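1. quick one, what's the 3D model for this:
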Amino acid sequence: MENDFERIERYIRAHYKENITIKSMAQELYISPAYLGLLFSREAGTNVKTYVHSMRMEQIVTGMVDESNTIKDLVYEAGYNNYNNFFSWFERFFGVSPEQFRKTLWLI
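-> This is a model prediction of the structure:
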């Protein structure tokens, strides 16, 4: 049987492309938002928001390998509605712009 953390993680994996909030997720999983946030942070070592963004980044970076995929298309497919929001998160994760990162992928 799944514990609460596993249920939360499974939910995030299924819905990371959507605009999920702790409140909406807690309602779906029948647990309190405060408990969800604390449990997730303790078990995952990061907060829900950062975890969701890391999943989106993983999808985008995987898609960058294929030169036919535009960064903008990858961004919207991963669940971002705002390119500027994506851009700031990308630089926070990788320290460079998406374009610079993609160039290094092709050099390897």
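
2. quick check: Val61 touching Phe101?
-> Yes - in this structure Val61 lies within contact range of Phe101 using C-beta atoms under 8 Å: 7.4 Å. All C-beta atoms are positioned from the backbone trio N, CA, C, and that covers glycine.

3. which parts of the lowest-mean-pLDDT helix or strand in the chain are buried?
-> Confidence across the helices and strands of the chain bottoms out at helix 98-107, with a mean of 85, counting by mean pLDDT, DSSP states H and E. Applying a neighbour-count criterion of 16 or more other C-beta atoms under 10 Å, one finds 98, 101-102 buried in helix 98-107.

4. would you mark the buried spots in whichever helix in the chain runs longest?
-> Residue-count comparison of every helix in the chain, with assignments taken from DSSP state H, identifies helix 48-64 as the longest. Applying a neighbour-count criterion of 16+ other C-beta under 10 Å, the buried positions in helix 48-64 are 48, 51-53, 55-57, 59-61, 63-64.

5. same deal with stretch 62-75?
-> If you call a residue buried by 16+ other C-beta under 10 Å, then stretch 62-75 has these buried ones: 63-64, 71, 74-75.

6. before we move on, what about stretch 28-45?
-> Using 16+ other C-beta under 10 Å as the burial criterion, the residues of stretch 28-45 that qualify are 36-37, 39-40, 44.

7. in strands, which of those residues appear?
-> Counting by DSSP state E, those place none of their members in strands.

8. so what pLDDT did Val52 get?
-> Among the per-residue scores, Val52 shows a pLDDT of 96.

9. list the contacts for it?
-> By C-beta atoms under 8 Å, 6 or more residues apart in numbering, Val52 lies in contact with 12, 16, 20.
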